[in-house]
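[1] The following block contains a protein sequence and its predicted model.
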Amino acid sequence: MRNYIRFSFSTILVSIVNIISIFIFTRIFSPESYAQANLIITISVVYSTLIMLGADQSVIRFFYSIKLKNLIKNSIRSIAISIIVSTVIFSIVLYFVEIEFLTYKIIILIVIYSVLFIQMRLISVIIRMLQNSKLYTIMNVGQKALEIVLVVSMYLIWNESFYFLIFSYLISSIILIVGILTIVKSELFKEDESKNDISMKMQLSYSVPLMISILIATLNQNVDKIILSQFVSFSELGVYYSAFKIIGLVTIVQSIFTLVWVPNSIKVFEQKKGITNYLTNSSRAITLLMISMGIVFIIVKDYVIFFLGPEYKDAASVLPMLILIPIFYIMSETTVSGLTLLKKSKYHIYISIITFSANLILSFILIMYFDVLGAATAVGLSSYILYLVRSYYGLRVMYFDFGFFRIQLLNVLFITWCITNSYTTYLNSNILLIVVVFVLLFIFKTEFKKIVKIANKWMSSKDNIKK
């Protein structure tokens, strides 16, 4: 549990540095430059997921049974072959199909970025498996801090360019890779005769199927941005990316909740302490908390947006739909618990495929008609579809009654309010907000009574202390 807390602390520190970076970068870079840099990063993340062939997952799975040197050797060989083959294919495609943004110079940057991204990912996994939380924190926080220093330094020396964001990542990654490998090289290259060897073929037979699932999830997270880049200007795309950066800060709640929720639910399940009641109470509490948090966030969004540079103020209109991403994901973590507890992992593949298909279709249709707002709406609606699909399969294998259909009435009203907040006038939005709050109070009247009771007790005890 202590390690969970330490790694959570690292996540919090990284988020704080990210806050600082967003504040600085949206004042240094124009929306056009910000979009170009982030689009390269998006493509690089998708590309690296493909060419990594699930190497990180195989390291996690076989870390304690297979020699680490053997795992790394196999990973390097398979990734090198994957890079060569994919680069040749992309070069042939570009020779016949001209894509304005993807010049040969950009492709070289994407390949270099992806190679370093993979190395950082593998090193991060190894450090986590070694349970070295201090080094893990230094690596993640150090890279973000270095990126800020490098970007600001480049900006002060040269004129603003989107290449600064890319070069800062490349340089900081190289520095950290060299530094961390120097520290952990004894762990990487020591021979442990108690562990076995594994062939590259056997390692890939485990990792490639997982890569397919991860690739679908990665595409699902980025398909809106890739499609949007073909329909809008870089200026509009930059504003959209900035809004996502704000939502990314909220997902710290998602990361920490998942880190704590999964081991706790497994513990309750294995100790046979009434898992059904635990899941029922948790689901209702999380739903109440997340919808309430969403309402507060949307009400204050016009103040949150001042955190960004003045050129990014239009991001306020898409925040109500994007906030649905962490809200519905956290809510679905409780309803999908049955799949984890009963080890029904195959259903996660179905969930990924259904959600990605829905996101792809919605993104194509809505972006064509509503541009940036359409992309945000597609992502928001896809998040709700993810919640429904995860809930369907989770409750199918382990049912518990938490008022699912009543809560869906609340969810639909909340989503409708988010849409009106983005597309229509404040009057229509405020009227619907009153309805949402009324339904929230009605569905969770028992929970609200408990909250009031606890508050009254606390106030009474405080008054007694004063007397």
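    The structure has been received and is ready for your questions. Numbering: from 1, shown residues only.
[2] How confident was the prediction at residue 170?
    Residue 170 carries a pLDDT value of 93.
[3] Do I have it right that it meets residue 116?
    Yes - between residue 170 and residue 116 there is a contact under CB atoms under 8 Å: 6.0 Å. Glycine gets a C-beta too; all of them are placed from N, C-alpha and C.
[4] In stretch 69-87, which residues are buried?
    70, 71, 72, 74, 75, 78, 79, 82, 83, 87 (16 or more other CB atoms under 10 Å).
[5] Quick one: mean pLDDT over the one helix or strand residue 267 maps to.
    Assigned by DSSP states H and E, residue 267 falls within helix 234-270. Averaging pLDDT along helix 234-270 yields 78.
[6] got the angle between the helix or strand that that helix is followed by and helix 234-270?
    Where DSSP H and E defines the elements, the next helix or strand beyond helix 234-270 is helix 275-299. Using axes from the mean of the first three to the mean of the last three CA atoms, to 10 degrees, the direction of helix 275-299 lies 160 degrees away from that of helix 234-270.
[7] so where is the stretch 51-200 of the chain shaky, pLDDT-wise?
    Applying pLDDT under 70 to the stretch 51-200 of the chain flags residues 93-100, 187-194.
[8] Mind jotting down where the helices sit in it?
    55-62, 68-96, 104-129, 133-157, 163-189, 200-228 (DSSP state H, counting those that start in this stretch).
[9] burial measure for residue 438, as a count.
    Neighbour count of residue 438, defined by other CB atoms under 10 Å: 11.
[10] Torsion angles phi and psi at it?
    phi -60, psi -50 (degrees, to the nearest 10).
[11] how close does it sit to residue 431?
    With distances taken as CB to CB, to the nearest Å, residue 438 is found 11 Å from residue 431.
[12] domain ranges for the protein?
    1-195, 231-448 (automatic domain parsing).
[13] So which of the ones you listed is the most surrounded?
    domain 231-448 (a mean of 18; mean count of other CB atoms under 10 Å).
[14] for residue 282, what are its contacts?
    Going by CB atoms under 8 Å, 6 or more residues apart in numbering, residue 282 touches 261, 265, 334.
[15] Go again with 6 Å.
    residue 334 (CB atoms under 6 Å, 6 or more residues apart in numbering).
[16] Let's see stretch 153-168 as CSV, backbone CA atoms only.
    Extracted C-alpha coordinates of stretch 153-168, given in CSV (Å, rounded to 0.1, in the frame of the first residue of the first chain):
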residue,chain,number,x,y,z
SER,A,153,15.4,28.8,-23.2
MET,A,154,14.7,28.2,-26.9
TYR,A,155,12.0,30.8,-26.9
LEU,A,156,14.3,33.4,-25.4
ILE,A,157,17.0,32.7,-28.0
TRP,A,158,15.0,32.1,-31.1
ASN,A,159,11.5,33.0,-32.4
GLU,A,160,8.5,30.9,-31.5
SER,A,161,8.3,27.6,-33.4
PHE,A,162,6.3,24.4,-32.8
TYR,A,163,9.6,22.5,-33.1
PHE,A,164,10.5,23.7,-29.6
LEU,A,165,8.0,21.4,-28.0
ILE,A,166,9.3,18.4,-30.0
PHE,A,167,13.0,19.1,-29.5
SER,A,168,12.5,19.7,-25.8
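[17] how much space is there between the residue nearest to residue 137 when sequence neighbours are not counted and residue 56?
    Once flanking residues are discounted, residue 137 sits nearest to residue 10: 4.1 Å by CB to CB, 6 or more residues apart in numbering. Distance of residue 10 to residue 56, given as CB to CB: 18 Å.
[18] I'd guessed residue 319 sits against residue 301; true?
    Yes - taking CB atoms under 6 Å as the definition, residue 319 is a contact partner of residue 301 at 4.7 Å.
[19] shaky segments in the stretch 301-450 of the chain?
    In the stretch 301-450 of the chain, residues with pLDDT under 70: 425-428.
[20] What segments of it are helices?
    Applying DSSP H, counting those that start in this stretch to the stretch 301-450 of the chain gives helices spanning 301-304, 319-322, 324-335, 337-341, 346-397, 404-423, 426-443, 445-466.
[21] Check which helices and strands the fourth one sits against.
    Spelled out, it's helix 337-341. Applying 3 or more CB pairs under 6 Å, 6 or more residues apart in numbering; DSSP states H and E, we find helix 337-341 packed against helix 346-397.
[22] chain center to the helix it packs on: distance?
    Between the centre of helix 346-397 and the centre of its chain there are 15 Å (CA atoms, centre = their mean, to the nearest Å).
[23] and the angle from it to helix 275-299?
    For helix 346-397 against helix 275-299, the angle by the same axes, to 10 degrees is 110 degrees.
[24] and helix 346-397, what does it pack onto?
    Using 3+ CB pairs under 6 Å, 6+ apart: helix 346-397 touches helix 200-228, helix 319-322, helix 324-335, helix 337-341.
[25] Which of those sits closest to residue 179?
    The closest of these to residue 179 is helix 200-228. By CB to CB, the value is 27.4 Å.
[26] wait, which of the buried residues of stretch 69-87 is closest to residue 105?
    Taking those together and measuring to residue 105 by CB to CB, the closest member is residue 87, at 14.0 Å.
[27] any idea how far the closest residue to the closest one other than its chain neighbours is from residue 340?
    The shortest distance from residue 87 to any non-neighbouring residue, by CB to CB, 6+ apart, is to residue 111 (6.3 Å). Distance of residue 111 to residue 340, given as CB to CB: 36 Å.
[28] Mind putting the helices of the stretch 51-200 of the chain into a markdown table with distance to residue 376?
    Output for the helices of the stretch 51-200 of the chain, formatted as a markdown table (distance: least, CB to CB, whole Å):
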| stretch | distance to residue 376 |
| --- | --- |
| helix 55-62 | 30 |
| helix 68-96 | 30 |
| helix 104-129 | 26 |
| helix 133-157 | 26 |
| helix 163-189 | 23 |
| helix 200-228 | 8 |
